[in-house]
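Undergrad: Quick one, fold the following:
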Amino acid sequence: MGFLAFVYLLVISVIVALILANLPKLKITLPGGVATGIIVGYIGARLGTVLFGDWAFLSLQGVSILPAILGAIVAILLGKACVECCKK
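TA: The predicted structure follows:
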């Protein structure tokens, strides 16, 4: 993974974390705020590109954009579910 791929995944995770944190009525944030969401989103974006495969029609520098977005969303939602489950 090159530096530009890292930057693309980081930008995707920042955008996804900010959108999920600011959705009305949902406010999907993890403990630690948006910064934790960005870290979890980056891990999810990285895993999403591996698990969901390479979609060549939406790709920049070897990063498949849509799988990265899906991976970031799923990772943040799973993180939120784990936090809610542990609170009970």
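
Undergrad: give me the number of residues near residue 85?
TA: Residue neighbour count, defined by other Cβ atoms under 10 Å, stands at 8 for residue 85. (C-beta placed from N, C-alpha, C; glycine too.)

Undergrad: got it, and the one 3 residues further on?
TA: Applying the criterion other Cβ under 10 Å, we find 4 residues in the vicinity of residue 88.

Undergrad: and what of residue 68?
TA: By other Cβ under 10 Å, neighbour count at residue 68 equals 31.

Undergrad: so the residue lying closest to it once chain neighbours are set aside is in which element?
TA: In space, and not counting its chain neighbours, residue 68 is closest to residue 45: 4.1 Å by Cβ to Cβ, 6 or more residues apart in numbering. Using DSSP states H and E, residue 45 maps to helix 34-51.

Undergrad: just checking, what packs against that helix?
TA: helix 3-21, helix 65-87 (3 or more Cβ pairs under 8 Å, 6 or more residues apart in numbering; DSSP states H and E).

Undergrad: Show me which residues of it are buried.
TA: Neighbour-count burial for helix 34-51 flags 34, 36-49 (criterion: 16 or more other Cβ atoms under 10 Å).

Undergrad: what are the pairing partners of the following helix or strand past that helix, and which direction each?
TA: The helix or strand immediately downstream of helix 34-51 is strand 59-60, counting by DSSP H and E. Next to strand 59-60 in the sheet, as set by DSSP bridges, lie strand 63-64 (antiparallel).

Undergrad: Find me the pLDDT at the residue nearest to the spatial centre of the chain, would you?
TA: Taking Cα atoms, centre = their mean, the centroid of the chain lies closest to residue 72, which sits 1.9 Å from it. For residue 72, the model assigns a pLDDT of 94.
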